[in-house]
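Engineer: predicted structure and sequence below. I'll ask about it afterward.
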Amino acid sequence: MNLDTQPRRRFFKRAAIAGLLGAVAAGIGFKAHAHGGWHRRGFMDESLDPAQLDERLDRMLKHLYVEIDATDAQKAKLGPIVKDAVRDLRPLRAKMRAARKQAIELLTQDTVDRAAIEKLRAEQMQAAEQASKRITRALADAAEVLTPAQRKQLAERFSRRWRRHG
């Protein structure tokens, strides 16, 4: 094999994997949105008790399982991956909401406290990084559970959906 083609193949392989992970993320995200998701008092709603949260996640996951024709073994693995990620991310969402309020307060005071604004920005970047890492870990875990055909099926489905919705 030509040494010049190895990095190119590695790049395309990584790009394909990243695309598939994105498709899985979109699939879970669209399913969450379609079935209560982050809006309409969805599963990221801080007021939900743990039983309500599990009920909403179970309902969302059932729809996903039907779409991808998940096996019992896949169901047993995907459920905890999604539920653990949501439980880990909910507190971060509450922190981000509080930070938006704090930003508004800082920006509407008589004098602008640049140091406080910068501190808040740095904290939010750290929270965003933490959330991004957690989401990426969950997506990679979920992608490992799915077959290549299932990941491709999700990618095609959501590609069509994205085209319809612009």
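Structural biologist: Okay, I see it.

Engineer: could you check how far the most centrally placed residue in the chain is from residue 128?
Structural biologist: Closest residue to the average C-alpha location of the chain: residue 135 at 4.8 Å, with CA atoms, centre = their mean. Distance of residue 135 to residue 128, given as CB to CB, to the nearest Å: 10 Å. (Each C-beta comes from the backbone N, C-alpha and C, glycine too.)

Engineer: next SSE downstream of the helix or strand containing the residue nearest to the centre of the chain?
Structural biologist: Residue 135 belongs to helix 114-145 when assigned by DSSP states H and E. For helix 114-145, the following helix or strand on the C-terminal side (DSSP H and E) is helix 148-164.

Engineer: who does that following helix touch, helix- and strand-wise?
Structural biologist: Other helices and strands packing on helix 148-164, by 3 or more CB pairs under 8 Å, 6 or more residues apart in numbering; DSSP states H and E, are helix 5-34, helix 50-68.

Engineer: hmm, back to that, counting by contacts, list what the helix holding residue 135 packs against.
Structural biologist: helix 5-34, helix 72-107.
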